[in-house]
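Engineer: my questions concern the predicted model and sequence given below.
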Number of protein chains: 2
Amino acid sequence: MKKALAFDIGGTKIYCTIINENGEICDEILKFPTPKKLEDIKQLLKQEISKKENLVDVIAIATAGAVNNSNSAVIGSTGNLPKGYSNINFQSLSKKRVFLENDANSASWAEYKLGASKNTKVSVMLTLGTGVGGGIIINDKLLKGKSGAAGEMHFKMYNDKRRKCSCGSWDCFEIYASGTALKLDAEEILNNKNVTTYDVIKGANNGDREMMSILDHWQNDIIAGLKGLANIFDPDCIVLSGSMAEFINIEKVEQEVNSDIVTTPTSIRIAETGNYSGMIGVTLLALAEV
Amino acid sequence: MKKALAFDIGGTKIYCTIINENGEICDEILKFPTPKKLEDIKQLLKQEISKKENLVDVIAIATAGAVNNSNSAVIGSTGNLPKGYSNINFQSLSKKRVFLENDANSASWAEYKLGASKNTKVSVMLTLGTGVGGGIIINDKLLKGKSGAAGEMHFKMYNDKRRKCSCGSWDCFEIYASGTALKLDAEEILNNKNVTTYDVIKGANNGDREMMSILDHWQNDIIAGLKGLANIFDPDCIVLSGSMAEFINIEKVEQEVNSDIVTTPTSIRIAETGNYSGMIGVTLLALAEV
């Protein structure tokens, strides 16, 4: 059975393991804090690859940042990875083919092959974490766009400059739907800079009405964004993943979205393939190519 | 050479002509005011079809409203057409195959085959008229979605209930980017219910600063929407068509969109296939099937 040495490279941690063509993890999962220096990231990858490349058919890397259409290089914005990250020659790190895909795209592919969006023709996945990632699958293909960067959830929620987004623009969906956004909602509503996302979640869980209403406010912005995506894509389903997805009232979101769109009802679902979905998805994509 | 008897059915007028597989018009173009009564619409179609169906290979109808994935029926919202329009059994009107597609989708296909988006992999087209239509083409296929209704440009520009949209929801792109929107902008800015879209255009053309700034305000909302579409689709180009497109400063819009997106620059273009693009596009789609 074909296998990949899979990585998931994020701003804070790097995962690594071996995954087979069924998406099954067949080795220990290594976890490293992401080195601050570019050279140290390269060194770490090189070292892990040299240990295991002989055991696998391909090196499959899910990474922060957009990935080009030949799946060979990172282009454009790469979150909180060191400067120069997008200049890494990933192929030079291994004798085997090195295959890259954006982490959110990879995770959405895992959901499509093994999880919540299995057997759909059109699906949209949103990864709600510190930021918001997106992956769109249409007719058995990831939507990549002309340069590979499609699926970025930077569409405006307002057009009067309220919140600066991490991308440098204003009022993108990301800055209303992410974990960061929930903290900003709380700061604004409570007029308190020190309140954290955790405070809101904990308070809401304990029945604190103010915290519950902040969580509701955040969820309403997500609902608004999902309505737009439902009207644009008319998808079979929209899958929510990431650390913030568990705080969503999925039945309520589905009901509210479907009560206010021009297309037929869509299904809103929670992702099923777990923490390693990025590595699983990029493995399945990479092994389809070797 | 294969030919279609083509119709374009809108809320105010119905066009009809014969078009060949090159997209060339080969007959006179008939124009009728759209009958107010459902029976009269059916009668009109039946009459024109019975005159000419023997001359063609297929009946190709570009229509207001979403069209299902088998291109046989209108589903959902149909603008200002009479109630029951979506229940018409179009196939019963002819011995030949009757093929339907949404008018904006049809026009975008004409642009893709013969016009501004020729040879692109991913293109988005917006038809800016009384309302806003959308057509999205990815890898040589119209994006239709699960039910056929994809490409609806009803994503929110605000999430605090400012303007009611024609779709029944609030603050969709359509109600900020259409001709109707330009009138609303002028009404709000001038605090005058009687100002018309024509007043704004005429004033702006004559150098009236107030009218120019209203037109600019409207264009800025369009720019904001295009940024989102550029980030979501990473398209080769976005094509603007429809009666309102000529009032857009295309170079300025392209420059502003590209200065504020996370993907590589996209090209913003004006549609090239003219008033009959709906009939041309639906003909090319229909003839590919017979």
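Structural biologist: That came in fine, so what should we check first?
Engineer: report the longest helix in chain A, please.
Structural biologist: Counting residues, the longest helix found in chain A (DSSP state H) is helix A:209-233.
Engineer: host element of residue A:175?
Structural biologist: Using DSSP states H and E, residue A:175 falls within helix A:174-177.
Engineer: could you do residue A:45 as well?
Structural biologist: Per DSSP H and E: helix A:38-52 holds residue A:45.
Engineer: what secondary structure does the residue nearest the centre of chain A sit in?
Structural biologist: When Cα atoms, centre = their mean is applied to chain A, the residue found nearest the centroid is residue A:104 (3.1 Å). Following DSSP: H, G, I helix; E, B strand; the rest coil, the label given to residue A:104 is helix.
Engineer: hang on, the earlier thing: tilt between the longest helix of chain A and helix B:209-233?
Structural biologist: Interaxial angle, helix A:209-233 versus helix B:209-233 (axes from the mean of the first three to the mean of the last three Cα atoms, to 10 degrees): 90 degrees.
Engineer: which strands and helices sit next to helix A:209-233?
Structural biologist: Using 3 or more Cβ pairs under 8 Å, 6 or more residues apart in numbering or on different chains; DSSP states H and E, the elements in contact with helix A:209-233 are strand A:122-128, helix A:174-177, helix A:179-190, helix A:197-205, strand A:237-241, helix A:250-258. (Glycine included, C-beta is placed from N, CA and C.)
Engineer: any chance of these in JSON lines with distance to residue A:93 and mean pLDDT as columns?
Structural biologist: Below are these laid out as JSON lines (distance: least, Cβ to Cβ, whole Å; pLDDT from 0 to 100):
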{"stretch": "strand A:122-128", "distance to residue A:93": "26", "mean pLDDT": "97"}
{"stretch": "helix A:174-177", "distance to residue A:93": "30", "mean pLDDT": "97"}
{"stretch": "helix A:179-190", "distance to residue A:93": "32", "mean pLDDT": "97"}
{"stretch": "helix A:197-205", "distance to residue A:93": "36", "mean pLDDT": "96"}
{"stretch": "strand A:237-241", "distance to residue A:93": "28", "mean pLDDT": "98"}
{"stretch": "helix A:250-258", "distance to residue A:93": "40", "mean pLDDT": "98"}
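Engineer: how about JSON lines for the ones you listed, with mean neighbour count and distance to chain B added?
Structural biologist: Output for the helices and strands packed on helix A:209-233, formatted as JSON lines (neighbours: other Cβ atoms under 10 Å in any protein chain shown; distance: least, Cβ to the nearest Cβ, whole Å):
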{"stretch": "strand A:122-128", "mean neighbour count": "27", "distance to chain B": "5"}
{"stretch": "helix A:174-177", "mean neighbour count": "26", "distance to chain B": "8"}
{"stretch": "helix A:179-190", "mean neighbour count": "20", "distance to chain B": "12"}
{"stretch": "helix A:197-205", "mean neighbour count": "17", "distance to chain B": "19"}
{"stretch": "strand A:237-241", "mean neighbour count": "25", "distance to chain B": "9"}
{"stretch": "helix A:250-258", "mean neighbour count": "16", "distance to chain B": "11"}
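Engineer: wait, which of the ones you listed is closest to residue B:98?
Structural biologist: strand A:122-128 (25.7 Å; Cβ to Cβ).
Engineer: that closest one pairs with which strands?
Structural biologist: Applying DSSP bridges, strand A:122-128 is found paired with strand A:132-138 (antiparallel), strand A:237-241 (parallel).
Engineer: what does the stretch 51-200 of chain A put close to chain B?
Structural biologist: Counting by Cβ under 8 Å from any Cβ of the partner chain, the residues of the stretch 51-200 of chain A close to chain B are A:66, A:75-77, A:120-122, A:134, A:136, A:138-139, A:141, A:143-160, A:167-169, A:172, A:176.
Engineer: how far does the longest helix of chain A sit from the chain's center?
Structural biologist: When C-alpha coordinates are averaged (Cα atoms, centre = their mean, to the nearest Å), helix A:209-233 and its chain have centres 18 Å apart.
Engineer: report the angle between it and helix A:179-190.
Structural biologist: Angle of helix A:209-233 versus helix A:179-190, following the same axes, to 10 degrees, is 130 degrees.
Engineer: got the contact list for residue A:225?
Structural biologist: A:153, A:155, A:157, A:173, A:176-177, B:155-156 (Cβ atoms under 8 Å, 6 or more residues apart in numbering or on different chains).
Engineer: most neighbours of all those, which one?
Structural biologist: Using other Cβ atoms under 10 Å in any protein chain shown as the neighbour criterion, residue A:173 leads the contacts of residue A:225 with 30 neighbours.
Engineer: pairing partners for the lowest-mean-pLDDT helix or strand in chain A, with directions?
Structural biologist: Of all helical and strand segments in chain A, the minimum by mean pLDDT, DSSP states H and E falls on strand A:74-75, at a mean of 93. Using DSSP bridges, strand A:74-75 pairs in its sheet with strand A:66-67 (antiparallel).
Engineer: neighbouring contacts of the strand it pairs with?
Structural biologist: Contacts of strand A:66-67 (Cβ under 8 Å, 6+ apart): A:73-77, A:100-102, A:105, A:147-149, A:152, B:262-263.
Engineer: picking that back up, tell me the mean pLDDT over the helix holding residue A:45?
Structural biologist: On average, the pLDDT along helix A:38-52 is 97.
Engineer: after it, next one along is what?
Structural biologist: By DSSP H and E, the next helix or strand past helix A:38-52 is strand A:58-63.
Engineer: now do that next one: which elements does it pack against?
Structural biologist: Using 3+ Cβ pairs under 8 Å, 6+ apart: strand A:58-63 touches strand A:3-9, strand A:98-102, helix A:103-114, helix A:277-287.
Engineer: okay, the angle between it and helix A:103-114?
Structural biologist: Using the same axes, to 10 degrees: strand A:58-63 against helix A:103-114 is 120 degrees.
Engineer: low-confidence ranges, chain A, go.
Structural biologist: Scanning chain A for pLDDT under 70 picks out the ranges A:77.
Engineer: rerun at 90
Structural biologist: Applying pLDDT under 90 to chain A picks out residues A:11, A:76-80, A:83, A:130, A:166, A:290.
Engineer: are any of the residues of the stretch 51-200 of chain A next to chain B buried, and which?
Structural biologist: Among those, those classed as buried by 16 or more other Cβ atoms under 10 Å in any protein chain shown are A:66, A:75-77, A:120-122, A:134, A:136, A:138, A:143-159, A:167, A:169, A:172, A:176.
Engineer: residue A:179: what's it in contact with?
Structural biologist: Going by Cβ under 8 Å, 6+ apart, the list of residues near residue A:179 reads A:128-130, A:197, A:243-244.
Engineer: now the nearest residue to residue A:36 once chain neighbours are set aside, what's its secondary structure?
Structural biologist: What sits nearest to residue A:36 in space, not counting adjacent residues and going by Cβ to Cβ, 6 or more residues apart in numbering or on different chains, is residue A:82, at 6.3 Å. Following three-state DSSP, residue A:82 is assigned to coil.
Engineer: residue A:82 touches residue A:38, doesn't it?
Structural biologist: Yes: using Cβ atoms under 8 Å, residue A:82 is in contact with residue A:38, at 4.6 Å.
Engineer: go through the helices and strands packed on helix A:209-233 and name the closest to residue A:271.
Structural biologist: strand A:237-241 (3.3 Å).
Engineer: how much does the closest one deviate in direction from helix A:250-258?
Structural biologist: Between strand A:237-241 and helix A:250-258, the angle formed by their directions is 140 degrees, by the same axes, to 10 degrees.
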